[in-house]
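A.B. asks: missing the sequence, but the structure's below:
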């Protein structure tokens, strides 16, 4: 049976089916990551991004097209994690910008929506690379335009476009040699096609169960201010209250200021983030009903969550949560603040010592979302805030948070790893202009060579090296430099390859599975072999990676 048009309710069903499908297949998508490291997380990042939107969509009983699009766009934008998640959120944002203008969608509208989605995603990436999710999306838009004038049936349309996208996906190894050598297709492209295949199944009438799940770890476990030290009894406001306002009236700067002022009168740890016709509210208060009543004065509420922090959190989590409760306005406004992403007790302590105001827990195994970064920005009472993503897969989310922040100047220093972040912060000079410091820190991070030592999670072949599951790998910021079976030997060999005639200092950050004595043995071996090199060890406490190594 031909389907010439679909309405908001049908699109809702298809969207939720797409979300459920990638959720079911996320581990398979994770396995497609080129490097066999234990933090291959494209499937996880895309799933958590779309689930953030799906949770909002599922709360709408009979949405208009505009309401549905707000939930899809706003939810995915704030929930975006990792580069693949940010690109997915931009694809959804561009898509919904077209269909929100109509009540029913036909093939003509769908063609325009596909093209707008691709345009939005390409603009979000500074240097688009072909052979990725972007190429697969573009292939779909091109096929959609090709058949748009001769096809009226949406089931026929998707029956042609989706296989065409999979054909492009199958060609990605020919576009990126690293994919071909590893014997995989692009993981982000696979995720996108998986979502569309799930949506198409729903369009054809197949029943797919969708169960909403939390789209992210609780904020209290992910964001912490420096120097928190409190007990359960010290909590002034006991209920962590969060919700989304689906606006039914205008919400300008004056309304935002009024809302923040009101929330401050009933609690602290205030977050009020407006995105088009959606407002995200977060407050710690002793009377959640007052916050809810205020929100209802602007529109309908969704994604409501109230946690009793005194009752449900153990002392360690409460200590982290209390850091958030110290509202920025209680501290003097300062010119410059700092936010760093970090994983590991030692590394986080080091960033605090260097002056970081807020630590976002995450990195290798859990990329923070755009909303996590926005929450951190809200905690720093400064005119200018430097953000150090410290992971190449978090830079786009940081940029997206920057673009959504209006009342503070956000500067993202695109650090791709922890040692780059440390080098950048060390080169901050108090008293210099923001622009001069941005330039100095950006240059400083480029001067650091970075290595990482971890284990392989599967068999593969890459860069001419045969790798077996369980092997120890020494990685540079570009490739796998060395492979072995012993952690210490692989680490020493990695350092040999990183050091050159201009090198003067090697710093070894040891992870949670390594003790100081083991790290010192490696340091001493390097000192004896490379007599002109100064070698230092630092406790990092990072998971997954035995060692981070920086060479300067």
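C.D. replies: Thanks, I have the structure now. Since the structure is predicted, the reported quantities are computational estimates derived from the model, not experimental observations.

A.B. asks: what about residue 509, which SS state?
C.D. replies: strand (DSSP: H, G, I helix; E, B strand; the rest coil).

A.B. asks: which strand residues bridge it?
C.D. replies: On the basis of DSSP bridges, residue 509 is bridged to residue 538, residue 548.

A.B. asks: okay but it is in contact with residue 546, surely?
C.D. replies: No - Residue 509 lies out of contact with residue 546 (C-beta atoms under 8 Å); the separation is 10.0 Å. For every residue, glycine as well, the C-beta is placed using N, CA and C.

A.B. asks: low-confidence ranges in this structure?
C.D. replies: For the chain, the stretches with pLDDT under 70 are 1, 34-40, 126, 208-237, 269-276, 309-331, 363-365.

A.B. asks: please redo it, this time with the cut-off set to 50
C.D. replies: 212-222, 226-234, 312-326, 328-329 (pLDDT under 50).

A.B. asks: please tell me how far the residue most central in space within it sits from residue 524.
C.D. replies: Centroid-nearest residue in the chain, with C-alpha atoms, centre = their mean: residue 81, separated by 2.3 Å. As for residue 81, its distance to residue 524 is 40 Å (criterion: C-beta to C-beta, to the nearest Å).

A.B. asks: the helix or strand hosting residue 10 - contacts with which helices or strands?
C.D. replies: Assigned by DSSP states H and E, residue 10 belongs to helix 8-30. Helices and strands touching helix 8-30, by 3 or more C-beta pairs under 8 Å, 6 or more residues apart in numbering; DSSP states H and E, are helix 42-58, helix 65-79, helix 187-203.

A.B. asks: ok now it, how far from the chain's centre?
C.D. replies: 19 Å (C-alpha atoms, centre = their mean, to the nearest Å).

A.B. asks: tell me the angle of it relative to helix 187-203?
C.D. replies: 140 degrees (axes from the mean of the first three to the mean of the last three C-alpha atoms, to 10 degrees).

A.B. asks: now, of the helices and strands packed on helix 8-30, which is deepest in the fold?
C.D. replies: helix 42-58 (a mean of 27; mean count of other C-beta atoms under 10 Å).

A.B. asks: quick one: it to chain centroid distance?
C.D. replies: In terms of C-alpha atoms, centre = their mean, the centre of helix 42-58 is set 12 Å apart from its chain centre.

A.B. asks: what of stretch 369-386?
C.D. replies: Counting by C-alpha atoms, centre = their mean, stretch 369-386 comes out at 14 Å from the chain centroid.

A.B. asks: same question, stretch 505-519
C.D. replies: On C-alpha atoms, centre = their mean, the centre of stretch 505-519 falls 28 Å from that of its chain.

A.B. asks: what is the end-to-end distance of that stretch?
C.D. replies: 16 Å (C-alpha to C-alpha, to the nearest Å).

A.B. asks: what's that stretch in contact with?
C.D. replies: 344, 346-347, 418-419, 487-488, 491, 495, 498-499, 522-523, 526, 530, 533-552 (C-beta atoms under 8 Å, 6 or more residues apart in numbering).

A.B. asks: cool, stretch 150-160 as well?
C.D. replies: 2-6, 105-107, 110, 143-144, 147-148, 196, 199-200, 203-204.

A.B. asks: what about 7 Å?
C.D. replies: With C-beta atoms under 7 Å, 6 or more residues apart in numbering as the test, stretch 150-160 has contacts from 2-4, 6, 107, 110, 143, 147, 200, 203-204.

A.B. asks: only the buried residues of that stretch, if you could.
C.D. replies: For stretch 150-160, a neighbour-count test (16 or more other C-beta atoms under 10 Å) marks 151, 154-155, 157-158 as buried.

A.B. asks: show me where the stretch 151-300 of the chain has helices.
C.D. replies: Using DSSP state H, counting those that start in this stretch, the helices found in the stretch 151-300 of the chain span residues 154-175, 177-182, 187-203, 219-222, 253-266, 288-296.

A.B. asks: let's have those helices in CSV, adding distance to residue 115.
C.D. replies: Shown next, in CSV, are these (distance: least, C-beta to C-beta, whole Å):
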stretch, distance to residue 115
helix 154-175, 12
helix 177-182, 26
helix 187-203, 15
helix 219-222, 36
helix 253-266, 33
helix 288-296, 36
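
A.B. asks: of all those helices, which lies closest to residue 32?
C.D. replies: helix 187-203 (3.8 Å; C-beta to C-beta).

A.B. asks: output the contacting helices and strands for that closest one.
C.D. replies: helix 8-30, helix 42-58, helix 82-99, helix 133-147, helix 154-175 (3 or more C-beta pairs under 7 Å, 6 or more residues apart in numbering; DSSP states H and E).

A.B. asks: got the angle for the second one vs helix 133-147?
C.D. replies: Here helix 42-58 points in a direction 60 degrees away from that of helix 133-147 (the same axes, to 10 degrees).

A.B. asks: contacting residues around helix 42-58?
C.D. replies: Residues contacting helix 42-58 (C-beta under 7 Å, 6+ apart): 12, 15-16, 19, 22-23, 26-30, 33, 68, 71-72, 75-76, 78-82, 84-85, 88-89, 92, 187-188, 191, 195, 210, 212-213, 215-216, 244, 302-303, 367.

A.B. asks: filter those down to the buried ones.
C.D. replies: By 16+ other C-beta under 10 Å, the contacts of helix 42-58 give 12, 15-16, 19, 22-23, 26, 29-30, 33, 68, 71-72, 75-76, 78-82, 84-85, 88-89, 92, 187-188, 191, 195, 210, 215-216, 244, 302-303, 367 as buried.

A.B. asks: if we can go back for a sec, any idea which of the contacts of stretch 150-160 is the one closest to residue 434?
C.D. replies: residue 110 (44.7 Å).

A.B. asks: mind telling me what element the closest one is part of?
C.D. replies: Short version: residue 110 belongs to helix 107-124, going by DSSP H and E.

A.B. asks: which strands and helices lie in contact with that helix?
C.D. replies: helix 82-99, helix 133-147, helix 154-175.

A.B. asks: from residue 2, how far out is residue 69?
C.D. replies: 25 Å.

A.B. asks: how much space separates residue 536 from residue 510?
C.D. replies: Distance from residue 536 to residue 510, by C-beta to C-beta: 11 Å.

A.B. asks: can I assume residue 461 sits in a strand?
C.D. replies: Yes - Residue 461: assigned to a strand according to three-state DSSP.

A.B. asks: wait, it sits on residue 181?
C.D. replies: Yes - Residue 461 is within contact range of residue 181, at 6.0 Å (criterion: C-beta atoms under 7 Å).

A.B. asks: and those two? Which one has more around it.
C.D. replies: Neighbours were counted for residue 461 and for residue 181 using other C-beta atoms under 10 Å; residue 181 has more, 16 against 12.

A.B. asks: could you find the closest non-adjacent residue to the more buried one?
C.D. replies: Ranked by C-beta to C-beta, 6 or more residues apart in numbering and with sequence neighbours excluded, the top spatial neighbour of residue 181 is residue 462, at 5.4 Å.

A.B. asks: please apply the same query to residue 351.
C.D. replies: residue 340 (4.4 Å).

A.B. asks: phi, psi for residue 63 please.
C.D. replies: phi -80, psi 150 (degrees, to the nearest 10).

A.B. asks: now do the closest residue to it other than its chain neighbours against residue 70, distance only.
C.D. replies: Leaving out its chain neighbours, the residue that sits closest to residue 63 by C-beta to C-beta, 6+ apart is residue 8, at 5.3 Å. Distance, residue 8 to residue 70, using C-beta to C-beta: 11 Å.

A.B. asks: quick one, strands of the stretch 451-552 of the chain?
C.D. replies: 460-462, 465-467, 472-476, 480-484, 505-510, 534-539, 547-551 (DSSP state E, counting those that start in this stretch).

A.B. asks: and those: which comes nearest residue 307?
C.D. replies: Closest among these, using C-beta to C-beta: strand 534-539, at 32.6 Å.
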